[in-house]
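**Student:** Need coordinates for the following:
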Amino acid sequence: MKFTTKQLTRTALLLALCIASQFLKNTSVYITGPIINAILVITLLTVNLGAALVIAVITPVTAFFITGSPIMAGIPLMFPVIMCGNAILVLCTWIFMKKSRKKILLYTGMGVGCVLKAAFMWVMTSFVLFPLFGDNIAGYLPKPEALPKVLATAKVTFSMTQLITAVTGCVLAAIIMMPLKKYLKNED
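**Tutor:** Numbers count the residues shown, from 1 in each chain. Here you go, the predicted structure:
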């Protein structure tokens, strides 16, 4: 897949916005999560599938380096789970978008992507990674005895919170795309 200079520039700008938003992660995941998910969808709609997948893969790594996470440090397999979750959102949106240019299918793809992303991350964390590797996190916690509470919170974070932030991000992307689509049409 070839990238034009314009596509590379847009991708770099959107990635920079993702990275900048990750500095807010310690404020609230309900701020950073929707921004990242919105940027994933906007990248798909304004650049292409490849660019959106690149950002889907890069953002969990940059988030870890910016904010750190005892869960990610203790279970490095969380990186591919988050990457795949992001990719699921992007691919579902793309698949439905390619079926037709009708907005309803685009929105359906976003909705299906949000649900599948949250379901995938919930299954992988609650039934695979945490049961197998959850004890590894204790070494990265200030108080290792807090491990059960941390795991319980993380199960919610990687399920319902993912669903909420993905849906919010898709709504945000849809709102942003309204004026952005007109601007991009005039630019091209």
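**Student:** Name the next helix or strand downstream of the lowest-mean-pLDDT helix or strand in the chain, please.
**Tutor:** Least confident helix or strand of the chain, by mean pLDDT, DSSP states H and E, is helix 70-74 with a mean of 87. Beyond helix 70-74 on the C-terminal side, the first helix or strand identified by DSSP states H and E is helix 78-99.
**Student:** With only the CA atoms kept, save that following helix in PDB.
**Tutor:** Written as PDB, here are the backbone C-alpha positions of helix 78-99 (Å, rounded to 0.1, in the frame of the first residue of the first chain):
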ATOM      1  CA  MET A  78      -1.800  -6.900  27.000                       C
ATOM      2  CA  PHE A  79      -0.100  -4.900  24.200                       C
ATOM      3  CA  PRO A  80      -1.300  -7.200  21.400                       C
ATOM      4  CA  VAL A  81      -4.700  -7.500  23.000                       C
ATOM      5  CA  ILE A  82      -5.200  -3.700  22.900                       C
ATOM      6  CA  MET A  83      -3.700  -3.500  19.400                       C
ATOM      7  CA  CYS A  84      -6.200  -6.100  18.200                       C
ATOM      8  CA  GLY A  85      -9.100  -4.400  20.000                       C
ATOM      9  CA  ASN A  86      -8.200  -1.200  18.200                       C
ATOM     10  CA  ALA A  87      -7.900  -3.000  14.900                       C
ATOM     11  CA  ILE A  88     -11.300  -4.700  15.400                       C
ATOM     12  CA  LEU A  89     -12.900  -1.300  15.700                       C
ATOM     13  CA  VAL A  90     -11.200   0.000  12.600                       C
ATOM     14  CA  LEU A  91     -11.800  -3.200  10.500                       C
ATOM     15  CA  CYS A  92     -15.500  -3.400  11.400                       C
ATOM     16  CA  THR A  93     -16.000   0.200  10.500                       C
ATOM     17  CA  TRP A  94     -14.100  -0.300   7.200                       C
ATOM     18  CA  ILE A  95     -16.000  -3.500   6.300                       C
ATOM     19  CA  PHE A  96     -19.400  -1.800   6.700                       C
ATOM     20  CA  MET A  97     -18.200   1.400   5.100                       C
ATOM     21  CA  LYS A  98     -17.000  -0.600   2.000                       C
ATOM     22  CA  LYS A  99     -20.400  -2.300   1.600                       C
END
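**Student:** and that helix, average pLDDT?
**Tutor:** Averaging pLDDT along helix 78-99 yields 95.
**Student:** Equivalent analysis for stretch 157-172, please.
**Tutor:** 96.
**Student:** List the neighbours of it that are in contact with it.
**Tutor:** 29-30, 33-41, 81, 85, 89, 93, 107, 110-111, 113-115, 117-118, 121-122, 124-126 (CB atoms under 8 Å, 6 or more residues apart in numbering). In this view, the C-beta of every residue, glycine as well, is placed from N, C-alpha and C.
**Student:** Cross the residues you listed against helices and list the overlap.
**Tutor:** 29-30, 33-41, 81, 85, 89, 93, 107, 110-111, 113-115, 117-118, 121-122 (DSSP state H).
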